[in-house]
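1. Show me how the following folds:
(one chain, ligands or ions: 3)
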Amino acid sequence: MNQPTACLSETTENTVRNDWSRAEVTQLFDLPFNELLFRAQNVHRAHFDPNAVQISTLLSIKTGGCPEDCSYCPQSVHHDAGLEPERLMDVEAVVSAARAARAAGASRFCMGAAWRNPKGKNFERVLEMVERVRDEGLETCATLGMLDEQQVSALKQAGLDYYNHNLDTSPEFYGEIITTRTWDDRLETLTHVREAGINVCCGGIVGMGEARADRVSMLCELANLPEHPGSVPINRLVRVEGTPLQQQDEIDSIEFVRTLAVARILMPASHVRLSAGRSEMSDEMQALCFFAGANSIFYGEKLLTTGNPDTARDDALFEKLGLHPA
Ligand code: SAM
Ligand code: DTB
Ligand code: SF4
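-> Ligands and ions are numbered 1, 2, ... in the order given. Have a look, this model is predicted:
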């Protein structure tokens with residue numbers, strides 16, 4: 001019988017570190033499942049109420065027609081997922097969606113745009129959206145692609161609380177998935193956002209055909225950023241017809257839960273979001289994800305363009321598991 005590896009002293013697991021090595025992270029992934037989950041749950045309890053889950057709602061404020069070629073994404077002009085490209089929404093329509101999200105129990109409202117980077121009048125309109133959503137008493141989050149320093153400071157002034165900008169995969173695998181921008185482009189925007197004092201929301205996607213070594217590498221890069229992102233979305237690839245990854249094999253469920261557990265151990269004080277992919281997960285699988293340390297979800301029937309569990313199903317799941325909104 002394999003004995004649990006005494007790879008990491010448990011006493012050091014609750015400290016926030018930014019110097020994780022690939023070898024240490026690999027050892028965590030290699031732990032027996034029960035051992036890994038136990039450690040992750042201990043770390044989780046040292047930092048959070050284990051029964052509280054932060055709730056965000058997403059709205060696609062500008063859908064489709066994106067010039068980037070991300071292989072997973074239905075909104076890229078390089079693929080044909082049958083989406084009708086839309087213009088940027090009106091401010092009033094966004095504000096009413098935000099009100100509805102707040103009434104349904106969301107504490108954060110995330111506005112996503114299918115842009116490589118925002119420009120001109122459209123950017124001005126997003127600033128207005130941020131101000132207005134904030135006035136509704138919600139935390140604000142946006143994901144608009146790459147930003148320069150001036151744009152970041154304008155968003156900060158408008159009252160943006162979080163900016164989502166994912167590393168998406170490992171630096172080694174990045175070029176297999178996206179060719180229209182580089183890993184370093186991603187880091188540059190993240191630096192601007194962090195330096196302006198906006199909370200960083202940064203994570204990635206698993207199940208794109210990457211090796212475990214890539215998941216190790218991606219989590220290591222996230223954990224070794226100058227500061228841990230406040231929010232770490234872990235998306236399970238949604239295989240959308242018409243995208244190059246539509247035929248990708250689904251990632252093994254246990255491996256997905258391991259990824260969340262390792263993220264929890266590496267970034268003990270961050271919210272780890274069980275992000276895209278929940279529609280295809282059973283209640284039992286989601287329960288394991290919460291046990292592994294996930295403590296944030298997207299709530300509401302739609303992500304950006306694909307489905308999310310309906311709110312009645314999520315309410316029933318919270319009730320069954322005794323979870324409550326954070
Ligand atoms: N265009 C901006 C960008 O890419 O930074 C913001 C919007 S983009 C849709 C936000 C994130 O959604 C991506 O970074 C990716 O992690 C996630 N995403 C997109 N398509 C996905 C899919 N099919 N499955 C899982 N996650 C997906
Ligand atoms: C993130 O990491 N996941 C969300 C949010 N940030 C913007 C988006 C998931 C999108 C899933 C595919 C879609 O609905 O288009
Ligand atoms: Fe564009 Fe973002 Fe989709 Fe990439 S993930 S194609 S940048 S909307």
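2. chain center to stretch 265-279, what's the gap?
-> 7 Å (Cα atoms, centre = their mean, to the nearest Å).
3. and it, what's its mean pLDDT?
-> Averaging pLDDT along stretch 265-279 yields 98.
4. same thing with stretch 29-47?
-> 98.
5. what do you get for stretch 95-107?
-> On average, stretch 95-107 scores 92.
6. Can you list the low-confidence ranges for the protein?
-> 1-14 (pLDDT under 70).
7. which one's the longest strand in it?
-> Scanning the chain for the longest strand, with DSSP state E as the assignment, gives strand 52-62.
8. strands paired with it, and their directions?
-> Within its sheet, and counting by DSSP bridges, strand 52-62 is paired with strand 108-113 (parallel), strand 296-298 (parallel), strand 324-325 (parallel).
9. Spell out which parts of the stretch 1-150 of the chain neighbour ligand 1.
-> Near ligand 1, the residues belonging to the stretch 1-150 of the chain are 66, 72-73, 112, 114-115, 143, 145 when assessed by Cβ under 6 Å from any ligand atom. All C-beta atoms are positioned from the backbone trio N, CA, C, and that covers glycine.
10. And the residues you listed, which two are furthest apart?
-> Greatest spacing in those, by Cβ to Cβ: 72 and 115 (16.6 Å).
11. So which of these two has more stuff around it?
-> residue 72 (24 against 21; other Cβ atoms under 10 Å).
12. Leaving out chain neighbours, which residue sits closest to the more buried one?
-> residue 245 (5.1 Å; Cβ to Cβ, 6 or more residues apart in numbering).
13. thought the one you found was touching residue 209?
-> Yes: counting by Cβ atoms under 8 Å, residue 209 is a contact partner of residue 245 at 7.3 Å.
14. Give me the more crowded residue out of these two.
-> residue 245 (19 against 16).
15. And the residue of the stretch 151-300 of the chain closest to ligand 2?
-> Going by Cβ to the nearest ligand atom, ligand 2 is nearest to residue 233 of the stretch 151-300 of the chain, at 3.4 Å.
16. If you count contacts, what does the host helix or strand of that residue end up packed against?
-> Residue 233 is part of strand 231-236, with elements assigned from DSSP states H and E. On a contact count with 3 or more Cβ pairs under 8 Å, 6 or more residues apart in numbering; DSSP states H and E, strand 231-236 meets strand 162-164, strand 199-201, strand 204-206, helix 253-266, strand 271-274.
17. which ones are touching residue 173?
-> 208, 210-211, 214, 217 (Cβ atoms under 8 Å, 6 or more residues apart in numbering).
18. and which of those residues is nearest ligand 3?
-> The closest of the contacts of residue 173, once distances to ligand 3 are taken by Cβ to the nearest ligand atom, is residue 208, at 12.1 Å.
19. Based on its surroundings, how many neighbours for the closest residue to the closest one other than its chain neighbours?
-> Leaving aside its sequence neighbours, residue 208 sits nearest to residue 237 (Cβ to Cβ, 6+ apart; 5.3 Å). Burial measure for residue 237: 23 neighbouring residues, criterion other Cβ under 10 Å.
20. Next: residue 215.
-> Count around residue 215 with other Cβ under 10 Å applied: 27.
21. how near is residue 163 to residue 262?
-> Separation of residue 163 from residue 262 (Cβ to Cβ, to the nearest Å) stands at 24 Å.
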